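S.K.: Quick check, what structure comes out for this input:
(chains A, B, C and D, ligands or ions: 6)
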Amino acid sequence: MADISVHIGDLHLKNPVAAASGCFGYGTEYEDFIDLGKLGAIFVKGITGSKREGNPSPRMVETSSGMLNSVGLQNKGIDYFISDIYPEIQHYNTHIIVNVSGSTIEEYVMVAEKLNDLEKIPAIELNISCPNVKEGGMMFGTHCPSAIEVTTAVRKVYHKTLIVKLSPNVTSISEFARAVEGAGADAVSLINTLLGMAIDAETQEPVLATVTGGLSGPAIKPVALRMVWEVYNSVKIPVIGIGGIMNATDAIEFMLAGATAVQIGTANFIDPRVTVKVINGIEDYLVKKDITDVNDLVGALKIPGQL
Amino acid sequence: MADISVHIGDLHLKNPVAAASGCFGYGTEYEDFIDLGKLGAIFVKGITGSKREGNPSPRMVETSSGMLNSVGLQNKGIDYFISDIYPEIQHYNTHIIVNVSGSTIEEYVMVAEKLNDLEKIPAIELNISCPNVKEGGMMFGTHCPSAIEVTTAVRKVYHKTLIVKLSPNVTSISEFARAVEGAGADAVSLINTLLGMAIDAETQEPVLATVTGGLSGPAIKPVALRMVWEVYNSVKIPVIGIGGIMNATDAIEFMLAGATAVQIGTANFIDPRVTVKVINGIEDYLVKKDITDVNDLVGALKIPGQL
Amino acid sequence: MKKQIHDFQIIANRRVNEEYFVLSLSGNRQLPEIKPGQFVQVRVDNAPNTFLRRPFSVYDVDYKKNILYLLIQIVGEGTRILSELKKGEILNLIYPLGNSFSLPDGEKALLIGGGVGVAPLMLLGRWLKEQKKEPVFLFGFRNYGLLVDIDLFTGFGKVHIATDDGSTGEKGLVTQHSFLRKVTGDISMVYTCGPDVMMKAVALWAEKKDIPCEASLENTMACGFGACLCCAQETVHGILHVCTDGPVFNTKELIWQI
Amino acid sequence: MKKQIHDFQIIANRRVNEEYFVLSLSGNRQLPEIKPGQFVQVRVDNAPNTFLRRPFSVYDVDYKKNILYLLIQIVGEGTRILSELKKGEILNLIYPLGNSFSLPDGEKALLIGGGVGVAPLMLLGRWLKEQKKEPVFLFGFRNYGLLVDIDLFTGFGKVHIATDDGSTGEKGLVTQHSFLRKVTGDISMVYTCGPDVMMKAVALWAEKKDIPCEASLENTMACGFGACLCCAQETVHGILHVCTDGPVFNTKELIWQI
Ligand SMILES: Cc1cc2nc3c(=O)[nH]c(=O)nc-3n(C[C@H](O)[C@H](O)[C@H](O)COP(=O)(O)OP(=O)(O)OC[C@H]3O[C@@H](n4cnc5c(N)ncnc54)[C@H](O)[C@@H]3O)c2cc1C
Ligand SMILES: Cc1cc2nc3c(=O)[nH]c(=O)nc-3n(C[C@H](O)[C@H](O)[C@H](O)COP(=O)(O)OP(=O)(O)OC[C@H]3O[C@@H](n4cnc5c(N)ncnc54)[C@H](O)[C@@H]3O)c2cc1C
Ligand SMILES: Cc1cc2nc3c(=O)[nH]c(=O)nc-3n(C[C@H](O)[C@H](O)[C@H](O)COP(=O)(O)O)c2cc1C
Ligand SMILES: Cc1cc2nc3c(=O)[nH]c(=O)nc-3n(C[C@H](O)[C@H](O)[C@H](O)COP(=O)(O)O)c2cc1C
Ligand code: FES
Ligand code: FES
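M.R.: Numbers count the residues shown, from 1 in each chain, chains lettered A, B, ... in the order given. Ligands and ions are numbered 1, 2, ... in the order given. You can find the predicted model right below:
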């Protein structure tokens, strides 16, 4: 059987398939459907310094082959996570990676620092790309000096694997990838949602209470693939591919474009077993293609006419 | 009956529905299907200083609720347009607006200058956002000083209505809108296609010969709507909304977000009569909503809680 | 109860009226216990514009025949496609989801439904009767043509009806029905499901009468099982989620959105 | 010929073999003249992943009965959904599109098809016979099970067959068929449609024999009527478009993509 384990920095994943932040709760929500121990990793939902209520309702609207959400980082804060959630999930037989958000650099640093000490959290993902909060969030991900500053500050205090999640709402995502690589990130993950909007022509009002929201799902896959390929060609650190993955073929496309691992978000809502199906599908593909190591797929895209 | 005519600068359109550049040929391709005289305007396909062959095949791939294209501005050049095409289409009972592209500022200026003299061309659309050409094209649309420079240069020589078509592949599209407004544009149109990519997992090759291409269709509608709304709130000149419009409801959403007129692209391939259907649908909507002037829709989005 | 995801076979698609239909779904394994108020998430296949699943309350369950019933109103593309499904076709469900209605303290309970909002009240009525309670139904419909399975509801308790146009029952809103004016102390619980405005009026009425009231809410749902946090409902305890903390809420806990 | 867009009713969906089916489509008005080699653009409804239309050559036309036939191979989601359509269902078509095959100078013409590439050769065979020409067919299929309507083709001319596994006709590629070795001066035109490699080999053979050769090409198409410029084909005259300048090209004009 093919070897499907991969490395993100020092972190060893049993396979390249992870659940994306904000789409998988703390994992518990999926325990009825799948064996969480089969996953490469779980990126739990965005955690901030203190409790956040999130945005008012409606927070979601379906769009063509996708959805807009404006959840807005609803969570009970890092202390509650450490005291009440971590004890419940630390037994998972997979890596739990915490997605860290904040409005200020201090908030990011504070959360990262506290997570340093949690033995079963081997990595964090800095979410500098959330389009659904008024302050901070995407600002850090669309202003390069801020991205550098927050990454540098967190790098100073956080000693395990540091992944920075990039925003697609920028002119050059590889510029940001290079910047956070320089600031000490061990890996980059991309893409977060594209900033979008929906309008109800009947009521003549925006559908979301926050007017705009983040677009996810297969609609964004072509953009995500392109960005992964661009970033893969710009940095040396591993790239984690995200955006519209619905099945194993999609995941393989991301790996060919340069992703060492992938995250699956929206697809979990439609099929809560999709992550496990994708893992199986990747194994089948490797067997069919006679590939013994999944890492051979990473960036293996063949451009006709190029050697 | 409601008044559905609108103004783009000095240009009077009998209705707000136009065909988008690159999706409608020179109009002739649709003469079998609809009465072209019914349209608000036709944006004919991108024209450059000299003949271009365009990109190699394959140039197109379907994606979820959309398509990627990499046509690459195939056209016979401005002189051929003037000598051979213009005489054939100048009798249309609608405005013909020429989409102008180039690799250098000089090329844009030269093409614009020549179009000045064509009586039946009342406006041009500067395409500074084509993702499918190696030089120029999108570069002008993703680098603000270049956008200003090309607009300023063309404004100097072109005396009729000047529309600048913006690229969505930027961090802040309203920054570009403001910049070209300052440089003399009479209107902005948006969005052009989102840069995307598709991979064939079987062959492990990119699907498009050019690797990347431009994403269009309903998949991009949420992003386009958001950008139109952002730009509408940033500039005083009229905004022309483009991106994923498939029916009258979509078009109305764009107008509510701030578009004075709309362009329909990809939808024409699936239903070559869609433009006329959208015009009829807008009329029906106005009657149903008891609105007597279509301009009352423009930017009429009601944000609950705001006055 | 463990949440499941399974294919069901459509064994009947019964058109109730112009807008409503009932799907009878049979799984190939024993149905788990489904409590009144719980819902399912249905995947709509072969539909260009229904990307996410669609939530529907469980209308009724027949454990002996292993059949689950959904009462569905056609409102958009997803429900239209479901309405056209034929016997033998397959539907994928995630179920059972959400919390459920609670047992009343006293004997008599009033179940107030509007339109397709009567859906969860069928299983609730059945359960109350099984629990030796006495459900009374008060339903509002736009007109006679939109009435739903009144004979079946009558099997569990008395049914009072209001229609907008008076084509059957009393004319007017359900909350103006004369039955409400006659209510004395014997009603120990009010359950309601229907349009928001109706539920708010019912909640207000119940509060005035000092009767506990439970409402089954809707919200836009991406997952249906607590993973996306999209279905936010403001409550006195802060923002809760309709798919896991609800869909049934005690109306005193709700901060209604206007 | 003016291009049209109309709904057609499916009056039969005949399964030819494991992979191929024939749709018989009837419009509610007189069909315009459709020339051999022309194609239609079919809208696939109720399909989540088939956003654009799908192009198919016209397999045959019956002007008397006003029926248009398509021969379709199931290769992906769009063709799978089409294969499941039932009598009475509606299909929206844009047609007739593209150019057409030209008349041979002499009498005898050789029509070489591979797999579903035989589709345009039916109407071509019918037309040649009507024009008092003598079509001869040479077909390649993977195996006996994939043969298509040979009896119908035989009505227009002799049919020679090659299969990959020799299960019927000669074993091997169509371009290795012994018939080609026996060809003398009497063939005045070669027409071909099938996989690219096959058409290239046929074109090469025809060139060697100094017989004019026309090939019906495919390409990725967004519109099908010249508006999008997506279906680029390199030729000695520069880049042309398969949907308007083709699908039929004289092979001498082509610069084949490898
Ligand atoms: C817990 C719960 C239980 C429900 N039970 C029933 C039931 O028993 N019978 C019944 O007929 N309907 C029920 N609904 C409503 C039902 O889910 C929607 O009518 C259905 O999803 C509409 O799908 P559509 O594709 O036909 O409409 P769309 O074309 O998607 O939309 C039409 C209308 O339905 C609303 N809608 C769309 N999706 C949702 C969604 N995910 N959640 C809520 N509203 C939505 C839209 O805002 C719009 O106004 C329930 C909803 C919830 C949340
Ligand atoms: C002028 C022309 C005439 C054709 N005539 C016939 C015919 O008579 N019978 C027949 O069975 N097939 C014919 N084809 C091919 C047919 O269009 C494709 O097989 C069909 O579009 C695949 O649709 P799908 O959704 O099943 O496959 P998909 O899932 O979309 O793709 C499956 C495969 O088909 C290819 N394909 C998809 N879309 C197109 C397209 N628009 N153009 C070309 N290839 C495509 C893909 O690259 C892929 O390899 C013709 C194509 C052209 C261009
Ligand atoms: C409902 C929802 C909530 C999300 N919350 C977060 C979050 O808290 N932090 C984060 O980094 N990304 C969040 N995301 C973004 C996803 O992790 C992912 O980057 C994006 O959805 C694209 O992937 P997909 O198309 O597979 O969903 C959220 C996405 C959705 C749909
Ligand atoms: C095949 C194709 C060719 C295009 N060519 C041009 C072009 O020449 N110039 C231009 O400004 N935009 C071009 N566009 C972009 C469209 O005009 C439009 O901005 C974009 O497709 C989004 O709109 P839609 O979703 O309605 O198609 C092209 C789009 C497509 C699909
Ligand atoms: S619908 Fe996802 S949490 Fe409720
Ligand atoms: S398919 Fe659009 S030009 Fe040929």
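
S.K.: Helix, strand, or coil at the residue in the stretch 101-250 of chain C positioned nearest to ligand 6?
M.R.: Going by Cβ to the nearest ligand atom, ligand 6 is nearest to C:Ala222 of the stretch 101-250 of chain C, at 36.1 Å. (Each C-beta comes from the backbone N, C-alpha and C, glycine too.) Following DSSP: H, G, I helix; E, B strand; the rest coil, the label given to C:Ala222 is coil.

S.K.: can you check A:Val180 too?
M.R.: Three-state assignment for A:Val180 (three-state DSSP): helix.

S.K.: now the residue lying closest to C:Thr235 once chain neighbours are set aside: how far from chain B?
M.R.: Of all residues beyond its chain neighbours, the one nearest C:Thr235 is C:Glu253 (4.7 Å), with distances taken as Cβ to Cβ, 6 or more residues apart in numbering or on different chains. For C:Glu253, the distance to chain B equals 24 Å [Cβ to the nearest Cβ, to the nearest Å].

S.K.: so what's the one residue in the stretch 151-300 of chain A that gets nearest to ligand 6 scoring on pLDDT?
M.R.: With Cβ to the nearest ligand atom as the measure, A:Pro222 is the residue of the stretch 151-300 of chain A nearest to ligand 6, at 19.3 Å. Note for A:Pro222: predicted pLDDT of 98.

S.K.: Equivalent analysis for A:Met1, please.
M.R.: 70.

S.K.: Quick one: neighbours of it, just the number.
M.R.: 7 (other Cβ atoms under 10 Å in any protein chain shown).

S.K.: Over to C:Asp196?
M.R.: By other Cβ under 10 Å, the residues close to C:Asp196 number 14.

S.K.: List the residues that contact the residue lying closest to C:Val202 once chain neighbours are set aside.
M.R.: Using Cβ to Cβ, 6+ apart and skipping the chain neighbours, the partner closest in space to C:Val202 is C:Thr192 (4.3 Å). Applying Cβ atoms under 8 Å, 6 or more residues apart in numbering or on different chains to C:Thr192 gives the contacts C:111-113, C:117, C:198-199, C:202-203, C:213-216, C:251.

S.K.: Narrow those to those in strands?
M.R.: C:111-113, C:213-216 (DSSP state E).

S.K.: Can you tell me which of the residues you listed is nearest chain B?
M.R.: C:Ala215 (22.5 Å; Cβ to the nearest Cβ).

S.K.: mind checking pLDDT for residue 181?
M.R.: All of this is about chain A. 98.

S.K.: Oops, wrong one, chain C.
M.R.: Value for C:Arg181, per-residue pLDDT: 89.

S.K.: OK, contacts around A:Ile8?
M.R.: Counting by Cβ under 8 Å, 6+ apart, A:Ile8 makes contact with A:123, A:161, A:163, A:186-187, A:238, A:240, A:260-261.

S.K.: from the residues you listed, which is closest to B:Asn127?
M.R.: Nearest to B:Asn127 among those: A:Ile240, at 34.9 Å, using Cβ to Cβ.

S.K.: Any chance of the backbone angles for the residue of the stretch 201-307 of chain A found nearest chain C?
M.R.: Residue nearest to chain C within the stretch 201-307 of chain A: A:Phe269 (4.1 Å; Cβ to the nearest Cβ). Per-residue torsions, A:Phe269: phi -70, psi -30 (degrees, to the nearest 10).

S.K.: residues near it, how many?
M.R.: With other Cβ under 10 Å as criterion, A:Phe269 counts 27.

S.K.: A:Glu202 too?
M.R.: A:Glu202 is flanked by 11 other residues according to other Cβ under 10 Å.

S.K.: again, but for C:Pro120
M.R.: Neighbours of C:Pro120 using other Cβ under 10 Å come to 30.

S.K.: right, and it touches C:Asp60 too?
M.R.: No - applying Cβ atoms under 8 Å, one finds C:Pro120 not in contact with C:Asp60, separated by 9.8 Å.

S.K.: ok, back up a step: thought C:Cys231 was touching the residue of the stretch 201-307 of chain A closest to chain C, still the case?
M.R.: No - A:Phe269 lies out of contact with C:Cys231 (Cβ under 8 Å); the separation is 11.5 Å.

S.K.: Return the residues in contact with the closest residue to ligand 2 within the stretch 151-258 of chain C.
M.R.: Nearest to ligand 2 in the stretch 151-258 of chain C, going by Cβ to the nearest ligand atom, is C:Ala222, at a distance of 26.9 Å. C:Ala222 makes contact with A:60, A:67, A:69, A:266, A:269, C:52, C:228, C:230, according to Cβ under 8 Å, 6+ apart.

S.K.: what do you get for A:Tyr92?
M.R.: For A:Tyr92, the contact set (Cβ under 8 Å, 6+ apart) comprises A:27, A:36-37, A:42, A:120.

S.K.: ok, now how distant is the residue of the stretch 201-307 of chain A closest to chain C from ligand 2?
M.R.: 24 Å (Cβ to the nearest ligand atom, to the nearest Å).

S.K.: quick revisit: type out the PyMOL command that picks the buried ones from the contacts of A:Tyr92.
M.R.: Typed into PyMOL, the line below selects the buried ones among the contacts of A:Tyr92, using 16 or more other Cβ atoms under 10 Å in any protein chain shown:
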select buried, chain A and resi 27+36+42
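
S.K.: Endpoint to endpoint, stretch C:70-78 covers what distance?
M.R.: Length of stretch C:70-78, first residue to last, Cα to Cα, to the nearest Å: 14 Å.

S.K.: Just the buried positions in it, please.
M.R.: The neighbour-count check on stretch C:70-78 (16+ other Cβ under 10 Å) flags C:70-74, C:78 as buried.

S.K.: Sitting in helices, which of the residues you listed do you find?
M.R.: Among the buried residues of stretch C:70-78, the ones falling in helices (DSSP state H) are C:Gly78.

S.K.: Relative to ligand 1, which of the contacts of C:Thr192 is nearest.
M.R.: Nearest member of the contacts of C:Thr192 to ligand 1, counting by Cβ to the nearest ligand atom, is C:Ser216, at 7.1 Å.

S.K.: And the closest residue to the closest one other than its chain neighbours, how close does it get to C:Asn250?
M.R.: Setting aside the residues directly before and after it, C:Ser216 is nearest to C:Cys193 in space (Cβ to Cβ, 6+ apart), at 4.1 Å. Per Cβ to Cβ, to the nearest Å, C:Cys193 is found 14 Å from C:Asn250.

S.K.: check contacts around the residue nearest to C:Ser216.
M.R.: C:57, C:112-114, C:117-121, C:199, C:215-216 are the contacts of C:Cys193 under Cβ under 8 Å, 6+ apart.

S.K.: one more time with 7 Å
M.R.: C:113, C:117, C:120-121, C:215-216 (Cβ atoms under 7 Å, 6 or more residues apart in numbering or on different chains).

S.K.: quick check, stretch A:157-169 touching ligand 3?
M.R.: Yes - using Cβ under 6 Å from any ligand atom, stretch A:157-169 reaches ligand 3 at A:Lys165.
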